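Asks: sequence plus the predicted model coming up.
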Amino acid sequence: MLLLVLYIVFFVAAFRGVWLNQWLRNKWVTLIGGMCYSIYLVHYAVIFFLQQWITRHFYTYHYKADLLIQTIILLPFILFFSALFFVLFERPFMDVHWPQKWASAVKAFKLRLFSKKL
């Protein structure tokens, strides 16, 4: 019951409040929110490939310190590769006409590639 009340307070504050509404309209918050599916798809691969290196070089045997170090190191990598994935794949595929645009781009590339004189 308490959780339900907290959800209601949060949503009212998000739509009617000043501070939370302003924070949720922040450019960075909306950008990361728009990339959430890309972050979901990419984060595991980034963690998988970097985890061994982080453990080998920064392991302290203190849970909270290790968690903080891993977060500081992994978060920029996750955001970078997620943004790259978003720009290269997710955003172009949001366009309804992406297959036609892709086909015409491939055709133009082939024309340029094969029309060059050797």
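Replies: Cool, got the structure. Numbering: from 1, shown residues only.
Asks: what does the helix or strand containing residue 100 rub up against?
Replies: Using DSSP states H and E, residue 100 maps to helix 98-115. The contact list for helix 98-115 (CB atoms under 8 Å, 6 or more residues apart in numbering) reads 92, 95. Where C-beta positions appear, they are placed from N, C-alpha and C, glycine not excepted.
Asks: how far off centre is that helix?
Replies: Put simply, helix 98-115 sits 29 Å off its chain's centre (CA atoms, centre = their mean, to the nearest Å).
Asks: may I have that helix exported as CSV, CA atoms only?
Replies: Output of helix 98-115 as CSV, limited to C-alpha atoms (Å, rounded to 0.1, in the frame of the first residue of the first chain):
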residue,chain,number,x,y,z
TRP,A,98,14.3,2.7,-43.9
PRO,A,99,14.3,-0.3,-46.2
GLN,A,100,13.8,1.9,-49.3
LYS,A,101,16.4,4.4,-48.0
TRP,A,102,18.9,1.6,-47.3
ALA,A,103,18.3,0.0,-50.7
SER,A,104,18.9,3.3,-52.5
ALA,A,105,22.0,4.0,-50.4
VAL,A,106,23.4,0.6,-51.3
LYS,A,107,22.6,1.1,-55.0
ALA,A,108,24.3,4.5,-55.0
PHE,A,109,27.3,3.0,-53.3
LYS,A,110,27.6,0.3,-55.8
LEU,A,111,27.3,2.8,-58.7
ARG,A,112,30.1,4.9,-57.2
LEU,A,113,32.3,1.8,-56.5
PHE,A,114,31.9,0.2,-59.9
SER,A,115,31.9,3.4,-62.0
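Asks: touching, residue 86 and residue 35? I think so.
Replies: Yes. Residue 86 is within contact range of residue 35, at 4.7 Å (criterion: CB atoms under 8 Å).
Asks: that older thread, any idea of the mean pLDDT in the helix holding residue 100?
Replies: Helix 98-115 shows a mean pLDDT of 87.
Asks: same thing with stretch 70-87?
Replies: The average pLDDT for stretch 70-87 rounds to 95.
Asks: chain center to stretch 67-74, what's the gap?
Replies: So, by CA atoms, centre = their mean, the centroid of stretch 67-74 is 17 Å from its chain's centroid.
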